[in-house]
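S.K.: Sequence and computational prediction follow.
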Amino acid sequence: MRVTTTIHVRYAETDMMGIVYHANYLLYFEDARTEFLEAIGCPYSELEDAGYLSPVVNVELAYGAPLTYGDTAIVVTRVIESRPTKTVYAYDVYKQGQVIGTDKPCCTATTTHCVVERETFKPKSIKKVAPKLYERYLEVMEPLASEQAC
């Protein structure tokens, strides 16, 4: 399952060169994850209300064409891996007007998350503490093509 999130690039998100500052993509991915979780019926607030957090433990980004002030970014989000100890999201960022899935994205990325207890930051199994979310991840997951062939 893929969820599309629209981001309007604000002036404050750009650098001296007039392009989106590289770290601001992380904020776009956070917005996209939030919308993804809502779309699958498991809002992030439910995890927090139960006393857990899902921090980012790894980020991989590849930048292509820049986004600039006034552009509208389209972030396509999916889960490509889900295990009891980690979840990996993948993102493709397009500029509005590009053909999603055909044109080369402006940026591609993955973020890896674990689940921790809020009070102690002790890692927990998502399968145990949020079974509904874990099951939804398995239902909507789209592994990378290389993983499907194995």
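M.R.: Nice, I can see it. Residues are numbered from 1 along each chain as shown.
S.K.: CA atoms for contacts and neighbours, from now on please.
M.R.: Fine.
S.K.: buried ones in stretch 65-74?
M.R.: By neighbour count on 16 or more other C-alpha atoms under 10 Å, the buried set for stretch 65-74 is 66, 67, 68, 69, 71, 72, 73, 74.
S.K.: And the helices in this structure, which stretches?
M.R.: All helices of the chain, identified by DSSP state H, fall at 24-39, 44-49, 126-129, 131-140, 145-148.
S.K.: which one of the ones you listed lies closest to residue 91?
M.R.: If you check each of these against residue 91 by C-alpha to C-alpha, helix 24-39 wins as the nearest, at 7.3 Å.
S.K.: hang on, the earlier thing: which one of the helices of the chain lies nearest to residue 108?
M.R.: Of the helices of the chain, nearest to residue 108 by C-alpha to C-alpha is helix 24-39, at 10.0 Å.
S.K.: between that closest one and helix 131-140, how big is the angle?
M.R.: For helix 24-39 against helix 131-140, the angle by axes from the mean of the first three to the mean of the last three C-alpha atoms, to 10 degrees is 100 degrees.
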